[in-house]
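Enquirer: need a 3D model of the sequence below.
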Amino acid sequence: MGQLSSVLPFLLMFVVIYFFMIRPQQTRIKKEKEFESGLKVGDKIVTKSGMHGKIAELAETTVVIETMSGKLKMERSSISQELSTAVNKK
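Expert: Numbers count the residues shown, from 1 in each chain. Now for the predicted structure:
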């Protein structure tokens, strides 16, 4: 019984860390992957660095966006999910 009471606080700390830190991060990563795979040509996007544009071409890991100053080739992961949904609502 004494061993259980000494291990129980560590188990509770692990459970709290899992539900408040690890699990939300995993769901956020899953949503970002779904967002990246759902991109299509013509979508208006905002990159994580704040650049606005429209998707001109898509490749497996890269995307070409058309901006006011020309075309830029970027990684798909550089597109911000939150800001892109706000731009598409307008």
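Enquirer: poorly predicted segments of the chain, please.
Expert: Applying pLDDT under 70 to the chain picks out residues 1.
Enquirer: hmm, who's touching stretch 55-67?
Expert: Stretch 55-67 is contacted by residues 39-43, 45, 47, 51-54, 71-76, 79 when judged by CB atoms under 8 Å, 6 or more residues apart in numbering. The C-beta positions use only the backbone N, C-alpha and C, and glycine is treated the same way.
Enquirer: which among those count as buried?
Expert: Neighbour counting with 16 or more other CB atoms under 10 Å marks Asp43, Ile45, Thr47, Met51, Gly53, Met74, Arg76, Ile79 as buried within the contacts of stretch 55-67.
Enquirer: and Leu4, how many residues sit next to it?
Expert: Neighbour count for Leu4, taken as other CB atoms under 10 Å: 8.
Enquirer: can you check the one 5 residues further on too?
Expert: Per other CB under 10 Å, the neighbour tally for Pro9 reads 9.
Enquirer: and it, that's in a strand?
Expert: No - applying DSSP: H, G, I helix; E, B strand; the rest coil, one finds Pro9 to be helix, outside a strand.
Enquirer: what separates it from Lys44, distance-wise?
Expert: 50 Å (CB to CB, to the nearest Å).
Enquirer: distance of Val7 from Ile17?
Expert: Distance, Val7 to Ile17, by CB to CB: 16 Å.
Enquirer: brain fart, Phe35
Expert: 26 Å.
Enquirer: more neighbours, those two?
Expert: Per other CB under 10 Å, whichever of Phe35 and Ile17 has more neighbours is Phe35, with 16 against 11.
Enquirer: so that one touches Gln81, yeah?
Expert: Yes - between Phe35 and Gln81 there is a contact under CB atoms under 8 Å: 4.6 Å.
Enquirer: apart from its neighbours in sequence, what residue is nearest the residue positioned nearest the centre of the chain?
Expert: By CA atoms, centre = their mean, the chain has its centre lying nearest to Glu32, at 3.2 Å. Once flanking residues are discounted, Glu32 sits nearest to Gln81: 6.0 Å by CB to CB, 6 or more residues apart in numbering.
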